[in-house]
Every structure is written in structure tokens, then in C-alpha cells.
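>>> Below are the sequence and a predicted model; questions follow.
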Amino acid sequence: MRYELDLFGVLVPTLLLWSVVAYVLGRFASKLIARIGLYRWIWHPALFDFALFICLVTGLVLGSTELFS
């Protein structure tokens, strides 16, 4: 995994980019979970959303390490 990307002369940490992608994916997943009605079975929805975000970031970083190394 590259630790920094050069975007038009600005060095951006790749973890920041993966975090933004994970946030967008997490929001879509959260909307889908709410639409299906699964939040009524989840004890603490905010904690669940945070755990989902962490799992998505971890999966994206590990996946990018495997793909781009």
C-alpha cells in the first residue's frame, strides 16, 4: 500500500481516501438497513454504524494492500 498519493501537488494520506470511501459505503448500508427495518433488532444503532465504518475501512485497506502490492 502506498502511504501517500500525489493529487495535483498535494500529498494526501491514503487512509483519508479510504475513510471517505468507507463513509459513503457506510451511509448507503445504513440507509439500506433502515429501509429494511433491521435497526429495530440492533441495540445501539450509532455504535453499530461506527463498528460498520471501522469494518469497512479495515476491509478496504487490507483489500487494497492485497491488490496493489
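Perfect, I can see it now. Numbers count the residues shown, from 1 in each chain.

>>> can you list contacts of stretch 15-31?
Leu5, Asp49, Leu52, Phe53, Leu56, Val57, Leu60, Val61, Ser64 (CB atoms under 8 Å, 6 or more residues apart in numbering). Every C-beta, even on glycine, is put in place using the N, C-alpha and C of the backbone.

>>> Only whichever of those residues are buried, select them in PyMOL.
Selection of buried members from the contacts of stretch 15-31 for PyMOL, criterion 16 or more other CB atoms under 10 Å:
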select buried, resi 49+52+53+56+57+60+61+64
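
>>> Could you pull up phi and psi at Glu4?
For Glu4, the backbone dihedrals (degrees, to the nearest 10) come out as phi -140, psi 140.

>>> quick one: the helices in this structure?
Along the chain, counting by DSSP state H, helices occupy 14-36, 45-68.

>>> Let me know the angle separating the first one from helix 45-68.
Between helix 14-36 and helix 45-68, the angle formed by their directions is 130 degrees, by axes from the mean of the first three to the mean of the last three CA atoms, to 10 degrees.

>>> Just the buried positions in helix 14-36, please.
Per 16+ other CB under 10 Å, helix 14-36 contains these buried residues: Thr14, Trp18, Ser19, Ala22, Leu25, Gly26, Ser30, Ile33.
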